[in-house]
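A.B. asks: The sequence isn't on hand, but the structure is:
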């Protein structure tokens, strides 16, 4: 009698964008995402997102735990924790329950830290998405390098 | 009853291994029909003959390339059994057996594992890892699930049966010269990327061959799609949970 075991491929090892990669579009993964290259578009994970020191992300980032040691030009929403390390640069609004900003990090934008009693309001995200336009204009030369 | 397809033996040692395998299978009570490939009978032809004879399990006995050929022939039509002989770790890890005795024991226990496969359209099945390898950096463009486009430089691009794509690159940055004589400051930059999806288009510049176990099976540009749970493979009891 044969017994069946299901090899569930959805529990993959996640996505890694290496230094030599430039990516555009929506980067979405159920598992961890690590970015060391350039991304233009959304970065979404149900688990953790790590923006490495060499990474440049232009677009919103949404994950459970987000760690930034590179550059993010766009909003960041961390359902649990956001950590901006000393080499990290964030140009955009952030929403995080738990926030750690290390000395030397750059953070330009609004910061919301919803408490248990006050859940994040939906339109906050709309504010965030509207804001980076000015920043985008300033940064066009760098983006074109992509 | 199992239908065993043996890779054409290339040495006396392999012939002796086949004889030992026969003895083990007989002792375990799972000796079925055995056929050996030859220049006159390719593995694909033998697999087709086994399927025509209504065998529900085809066992590939041999190395990586041979196993991949048999796997491509039985997808969706029969269960695949594997007895690795001079096979890579990829194969032994998959079935959870490194020796012919362990592999034969797995066949007796007949624990099935459903595994996904990737297909390079129109009909090139990828069971074992497929590789595009170049000594100098080449350019690749990937479109994953129609939503994401990636441009990358790579030395090695690996595609697995689960349609996971791994890009590896290594390049050195120029050394600074002192008085035009002594080199200093040069370093090697390594990069690894990993993507997965249900459909992936791979375009390379220049066009490059896709290899499995050292044999070319297709050439870029390629469109891959994932077929979940397409192949049933006999694995060792407790290998996968």
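C.D. replies: On my side now, so go ahead. Fair warning: this is a prediction, and the values are worked out from it, not measured in the lab.
A.B. asks: And the helices in chain B?
C.D. replies: Here chain B has its helices, by DSSP state H, at B:12-28, B:43-52, B:64-74, B:89-95, B:100-109.
A.B. asks: Residue B:190 is nearest to which of the ones you listed?
C.D. replies: For residue B:190, the closest of the helices of chain B is helix B:89-95, at 22.0 Å, according to CB to CB. The way it works is simple: take the backbone N, C-alpha and C, and place the C-beta from them, glycine included.
A.B. asks: pLDDT of that closest one, averaged?
C.D. replies: Mean pLDDT, computed over helix B:89-95, is 89.
A.B. asks: Kindly report the same for stretch B:166-183.
C.D. replies: On average, stretch B:166-183 scores 73.
A.B. asks: To what extent is residue B:173 buried, counted in neighbours?
C.D. replies: A count of neighbours around residue B:173, defined by other CB atoms under 10 Å in any protein chain shown, yields 10.
A.B. asks: before we move on, the earlier item: out of the helices of chain B, which comes closest to chain A?
C.D. replies: helix B:100-109 (9.0 Å; CB to the nearest CB).
A.B. asks: got the angle for that closest one vs helix B:12-28?
C.D. replies: In terms of direction (axes from the mean of the first three to the mean of the last three CA atoms, to 10 degrees), helix B:100-109 departs from helix B:12-28 by 40 degrees.
A.B. asks: So which elements touch helix B:100-109?
C.D. replies: For helix B:100-109, the elements it packs on are helix B:12-28, strand B:79-84, strand B:222-235, judged by 3 or more CB pairs under 8 Å, 6 or more residues apart in numbering or on different chains; DSSP states H and E.
A.B. asks: and the helices of chain B, which is most packed in?
C.D. replies: Highest mean neighbour count of the helices of chain B: helix B:64-74, a mean of 24 (counted as mean count of other CB atoms under 10 Å in any protein chain shown).
A.B. asks: what does that one rub up against?
C.D. replies: B:5, B:7, B:37, B:42-44, B:47-48, B:51, B:58, B:60, B:80, B:82, B:84, B:87-88, B:90-91, B:117, B:124-125, B:127-128, B:212-215, B:231 (CB atoms under 8 Å, 6 or more residues apart in numbering or on different chains).
A.B. asks: To residue A:66, which of the helices of chain B lies closest?
C.D. replies: Taking the helices of chain B one by one with CB to CB, helix B:89-95 is closest: 33.5 Å.
A.B. asks: Is there a neighbour count for the closest residue to residue A:42 other than its chain neighbours? I'd like the number.
C.D. replies: Excluding the flanking residues, the one nearest residue A:42 by CB to CB, 6 or more residues apart in numbering or on different chains is residue A:26, at 4.7 Å. Counted with other CB under 10 Å, residues neighbouring residue A:26 total 15.
A.B. asks: correct me, but residue A:26 touches residue A:41?
C.D. replies: Yes: counting by CB atoms under 8 Å, residue A:26 does reach residue A:41; the two are 5.4 Å apart.
A.B. asks: Stretch B:41-49: how far from the chain's middle?
C.D. replies: Chain-centre distance of stretch B:41-49: 18 Å, with CA atoms, centre = their mean, to the nearest Å.
A.B. asks: neighbouring contacts of it?
C.D. replies: B:5, B:7, B:35, B:37, B:58, B:60, B:66, B:69-70, B:72-74.
A.B. asks: Enumerate the residues of chain B near chain A.
C.D. replies: Contact residues, chain B versus chain A (CB under 8 Å from any CB of the partner chain): B:79, B:110-116, B:147-154, B:162, B:164, B:167, B:169, B:189, B:191-196, B:226, B:228-229, B:235, B:240-241.
A.B. asks: So which of the contacts of stretch B:41-49 is the closest to residue A:91?
C.D. replies: Of all the contacts of stretch B:41-49, residue A:91 sits closest to residue B:72, with 50.2 Å by CB to CB.
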